[in-house]
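Asker: Next comes the sequence, and after it the predicted model I'd like to discuss.
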Amino acid sequence: MAGYIEDRWFRKDASGKRTIPTDRNGQGKRYRVTGIPGVRSRSFEGLLGPKGAKAWLAKAQHETTKGEFIDPRSGNILLADYYEEYASTREGDPGTLEGQDQSIRKHIVGRLGQKPLNGIKVPQLRQWLKELSGELGPGTIGLIWGYLSTLLQAAVEDERITKNPCKAKSVGPPAPPPKKVRAWTKERILAVRAEMEPRFRILVDLGVGAGLRQGEAIGLSAADIDEAAGVLHVRRQLKKVHNKLVYALPKGEKTRDVPLPDHLAERLREHLKEFPARKVELPWGNPDEPENDRQAEERAVQAHELIVTAPWGGPVRRDSWNERYWKSALVIAGIIPAHPDSHPTSKRRQLLKFVPSREHGFHVLRHTFASVMLDAREPIVAVSNWLGHADASITLRIYAHMMPEADGRGRTAMDAWFETGPDS
């Protein structure tokens, strides 16, 4: 079997005994395991040198034969350095990757980055989770845990470490508390809409009247309104990638059609009469310079007549819109408290600061749409399609508590079934 142990301090004399000093005598580690194809040589020293070298040789020979050998020295790379290697080869939606990268650099690389991969064990994970629990909620910790587990699993598959410590049964992220999404009352929605800048009121209508996500609402074009068919074509969203706006497919890369109620169609006509649609040109999917012809074709600039634009005519940026207009309307309507240093008035919207209000984000309008549809006993599959969920199980998981209670029809049907005799 390939491989042997080399004594680097002494060589054999004529009798076969190791008595003749070499040029390296007394320098460096004495025993070296070498000669195994595909395995880097490894040296040992001290009183346990010969025993350690023999054990290493046997292990390397055995695992190499089975194709399972992983040199533990490959795990000496710092997690921060390994992440740079890993990140450079990832592919996927650039906006999603950017968001993940920010979380990984802040919460994983920022805390564990200076540890070698093979130095991250269960005790280190417990300490890391303890630190995160003092800053983040269980749901966010769960997401970050998933990122770390994926990273360490990649290290296993890259043969940097032998196993993923995140798969140990004795450690894991905290279970997220049960959370039920809430819908708004009609009175609350009307109050917020009344305090919204007139050019942006239609966004409230699209959120609650069609269940559009915020990026889909601000990416909707006049050509997407199909009054003849009674639907809105949800074909794109507006999103930020590398701090630049782009057009992209809706979440899940899934286009869809949603019902267009007469009331919403009338609101859209009124809006476009007062604020005509404007052409906005943006790249598709990724704002970076293309590296080849295929990327150039995929990322080519598209022009769409957007229903909602910023006051100066350009596209609406979600982050600034949320701060300047949405939260300002929430404060004035009494939904969230004002910042202690703020005096909310419509004339000072751009100067205000606001307290966090995650549960009162634009998405609550979408929840209200789902609530109304389910209360009207629309089929769950239809509601799922209108919301753009991957399948109805997602809709059930999020909105099951909003479904109306059974009204006794099933009980009546079962009574009728029992009352019908076997001979009838």
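Answerer: Perfect, I can see it now.
Asker: Let me know the average pLDDT across stretch 153-167.
Answerer: Per-region confidence: stretch 153-167 scores 90 on mean pLDDT.
Asker: got it, and stretch 105-114?
Answerer: Mean predicted confidence for stretch 105-114 is 95.
Asker: got the buried residues for it?
Answerer: Burial within stretch 105-114, assessed by neighbour count using 16 or more other Cβ atoms under 10 Å, is assigned to 107, 108, 109, 112, 113. Bear in mind the C-beta positions are built from the backbone N, C-alpha and C, glycine included.
Asker: Past the helix or strand hosting residue 385, which element shows up next along the chain?
Answerer: Per DSSP states H and E: residue 385 is located in helix 380-387. Reading on from helix 380-387 to the C-terminus, the next helix or strand found by DSSP H and E is helix 392-399.
Asker: Now do the buried residues in that following helix.
Answerer: Across helix 392-399, burial judged by 16+ other Cβ under 10 Å covers 392, 395, 398, 399.
Asker: Can you lay out the residues you listed as CSV showing pLDDT?
Answerer: Below are the buried residues of helix 392-399 laid out as CSV (pLDDT from 0 to 100):
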residue, pLDDT
392, 89
395, 88
398, 86
399, 87
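Asker: secondary structure class for residue 38?
Answerer: The three-state label given to residue 38 by DSSP: H, G, I helix; E, B strand; the rest coil is coil.
Asker: what about it, how many neighbours?
Answerer: Counted with other Cβ atoms under 10 Å, the neighbours of residue 38 add up to 10.
Asker: does it really touch residue 64, like I thought?
Answerer: Yes: between residue 38 and residue 64 there is a contact under Cβ atoms under 8 Å: 6.7 Å.
Asker: so where's the stretch 251-400 of the chain shaky on pLDDT?
Answerer: For the stretch 251-400 of the chain, applying pLDDT under 70 flags the ranges 339-358.
Asker: Spell out the residue ranges of the helices in it.
Answerer: Ranges of helices within the stretch 251-400 of the chain are 262-274, 293-298, 318-321, 327-332, 363-375, 380-387, 392-399, based on DSSP state H, counting those that start in this stretch.
Asker: tell me how far the last one is from the chain's mean position?
Answerer: Looking back up the chat, that one is helix 392-399. Distance, stretch centre to chain centre, for helix 392-399: 19 Å (Cα atoms, centre = their mean, to the nearest Å).
Asker: Now the element after that helix, going C-ward?
Answerer: Note on helix 392-399: by DSSP H and E, the next helix or strand toward the C-terminus is helix 409-419.
Asker: so how far is that next one off the chain centroid?
Answerer: On Cα atoms, centre = their mean, the centre of helix 409-419 falls 47 Å from the chain's centre.
Asker: Residue 145 touches residue 165, doesn't it?
Answerer: No: using Cβ under 8 Å, residue 145 is not in contact with residue 165, being 11.5 Å away.
Asker: thinking again about what came up before, so the helix holding residue 385 versus helix 392-399, what angle?
Answerer: Orientation note: helix 380-387 sits at an angle of 80 degrees relative to helix 392-399 (axes from the mean of the first three to the mean of the last three Cα atoms, to 10 degrees).
Asker: Which secondary structure elements does helix 380-387 sit against?
Answerer: Packed against helix 380-387, as judged by 3 or more Cβ pairs under 8 Å, 6 or more residues apart in numbering; DSSP states H and E, are the following elements: strand 256-259, helix 363-375, helix 392-399.
Asker: Now do that helix against helix 363-375, angle only.
Answerer: Comparing the axes of helix 380-387 and helix 363-375 via the same axes, to 10 degrees yields an angle of 150 degrees.
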